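> structure for this input, please:
(chains A and B)
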Amino acid sequence: MHRVVITGAGTINPLGHSVSDTFEAMREGRCGIGELDIRDVDRLAVRIGAQVTDYDPDSRFNRQQQALYDRFTQFTLIAAEGAISQSGLQFGGQLAAETGVVLGTSGGGLSTLDDNYRAVYEEGKNRVHPFIVPKLMNNAAASHVSMTYNIKGPSFTVATACASSNHAMGQAFNLIRSGMARAMITGGSESMLCFGGVKAWEGLRVMSKDACRPFSANRNGMVQGEGAGVFVFEEYEHAKKRGADILAEVIGFSMTSDASDIVMPSQQGAARAISGALHDAKINADQVGYINAHGTGTAANDKTECAAVASVFGRHADKVMISSTKSMHGHLIGGTGAVELLACLMALKDGVIAPTIGYEEPDPECALDVVPNEAREAKVDHVLSNAFAFGGLNAVLSLRKAG
Amino acid sequence: MSGSVKDKIIEIVAEQAVLEPSDITLEQSLEDLGIDSMGLVEAIFSIEESFDIQVPFNANEPEKSEFDISSVQSIITAVEALIAEQKA
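This next block holds a predicted model:
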């Protein structure tokens, strides 16, 4: 069994276009949620979201690239560039063959689908651009990372709705741990803030029209976000030998399936994933200082998640800090676990716990330390990151401070 | 009409080849211009959009296609024929 460390991180999300900007926003408890600026927003009942702002694709990608890169691929490539340049890795020879790309996304090129359905159905056009298929496919982002950086090992895309990124990072972790890969580019991306993407979520009646307030008694739903987080996972000895800066160590992963309901979460399924991640990491609950919650801000998730944490952590549940950064960056669906892993890195590296902002009223069904409204300084050695998807698919990662 | 078809096709081909229209000659093949199979289907899409015609072309068997893509001139000739046929 090989040890796995993180040697690079990159992102573009509603809180910033880099990891340092994101850390600063999380420290300050800044909210990236605002009025949606998308076509036909006046026909939506839900008009808020966490969009990536101040982003001009023309400044990053030429015309030919934009013909092939959906917005979710663009976000992925920007985040990957940050992660890979920080790691200092260059992929050639044997290392290229032993490195792969596993990324999470739920909707893939959903805005490309939306634009082109609009063209053929609404506008009555009878032809679409020839690259719609390679642009919208869910694996486009992983493939373009592989092509851009000459990465030739195991590469694929994981789609498990809101747990996609955590499942992807869990696969990357196990590929290195088992010796199948030396390094992995992993994380996830999402961009479904288009008319059809928001309209579909609206139909489910789980969206808030004003704010995302996880764990607060007056919470009234989730808010969609967009963006990407990408990391370089690397085998420990390989990283150590080349003197790489180690951001954190990935020490455990667990995934479970509720086998019960297509949308309602299960306390037992979540608890099995949480305890599985502790067991896989060979740590006890009382060693965990921080949990990045799934914390969607829906009535169902937050109380179920708190009950699951309480059942696994027992008496230590009152001591562990648990926050939902979705209150700031929204729910990035298939990319959410990747951006949330940044909060875990900040906790381990900088000793700063990102807050749950928008917290207004205690809820007896969420009676944990949710780090309300303000970031907190605390030294933590072990953290967990939860993701619980529609379809009852749960994925929890555990990380340890570097060194 | 003929002049504008020619100019438009040269413009489309030049864009795919990342060249100036003045650098394109009628005898050149798409291969000479460095246009690959994806550039070709994108160029055909642009031709269809520009002239509002249907171009019969299957990338699996380009040699069997009625649409002659062997040179810039052959594309112009083929497009002019399609316009005459489909706009008649």
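
> and A:F253, which of the three is it?
Under DSSP: H, G, I helix; E, B strand; the rest coil, the three-state class of A:F253 is strand.

> quick one: contacts for it?
By CB atoms under 8 Å, 6 or more residues apart in numbering or on different chains, A:F253 lies in contact with A:M169, A:G170, A:F173, A:N174, A:A277, A:D280, A:A395, A:V396, A:L397, A:S398. Using the backbone N, CA and C atoms, a C-beta is placed for each residue, glycine as well.

> closest to chain B out of the residues you listed?
Distance to chain B across the contacts of A:F253 (CB to the nearest CB) is lowest for A:M169, with 32.0 Å.

> mind listing what's buried in stretch A:393-403?
Neighbour-count burial for stretch A:393-403, counted by 16 or more other CB atoms under 10 Å in any protein chain shown, picks out A:L393, A:N394, A:A395, A:V396, A:L397, A:S398, A:L399, A:R400, A:K401, A:A402.

> what do you get for stretch A:44-54?
Buried residues in stretch A:44-54 (16+ other CB under 10 Å): A:L44, A:V46, A:R47, A:I48, A:G49, A:A50, A:Q51, A:V52.

> out of those, which are inside strands?
Secondary structure from DSSP state E places A:I48, A:G49 of these in strands.

> number of residues surrounding whatever residue of chain B ends up closest to chain A?
Nearest residue of chain B to chain A: B:V41, at 4.1 Å (CB to the nearest CB). Per other CB atoms under 10 Å in any protein chain shown, the neighbour tally for B:V41 reads 15.

> ok, now which ones touch it?
Applying CB under 8 Å, 6+ apart, we find B:V41 in contact with A:P130, B:F57, B:A59.

> B:Q16 too?
B:Q16 makes contacts with B:L33, B:I35, B:G39, B:L40, B:E42, B:A43, as judged by CB under 8 Å, 6+ apart.

> what's the helix or strand for the closest residue to the second one other than its chain neighbours?
Read it as B:I35. Distance criterion CB to CB, 6 or more residues apart in numbering or on different chains; nearest residue to B:I35, sequence neighbours excluded, is B:Q16 at 4.9 Å. Secondary structure assignment for B:Q16, by DSSP states H and E: helix B:2-17.

> dump the C-alpha coordinates for that helix into PDB.
Extracted in PDB, the C-alpha atoms of helix B:2-17 (Å, rounded to 0.1, in the frame of the first residue of the first chain):
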ATOM      1  CA  SER B   2     -19.700  33.200 -58.700                       C
ATOM      2  CA  GLY B   3     -17.200  35.700 -57.300                       C
ATOM      3  CA  SER B   4     -18.900  35.900 -53.900                       C
ATOM      4  CA  VAL B   5     -19.100  32.100 -53.600                       C
ATOM      5  CA  LYS B   6     -15.500  31.800 -54.300                       C
ATOM      6  CA  ASP B   7     -14.500  34.600 -51.900                       C
ATOM      7  CA  LYS B   8     -16.700  33.100 -49.100                       C
ATOM      8  CA  ILE B   9     -15.200  29.600 -49.600                       C
ATOM      9  CA  ILE B  10     -11.700  30.900 -49.600                       C
ATOM     10  CA  GLU B  11     -12.500  32.800 -46.400                       C
ATOM     11  CA  ILE B  12     -13.900  29.600 -44.800                       C
ATOM     12  CA  VAL B  13     -10.900  27.500 -45.800                       C
ATOM     13  CA  ALA B  14      -8.500  30.200 -44.700                       C
ATOM     14  CA  GLU B  15     -10.100  30.300 -41.300                       C
ATOM     15  CA  GLN B  16      -9.700  26.600 -40.800                       C
ATOM     16  CA  ALA B  17      -6.100  26.700 -42.100                       C
END
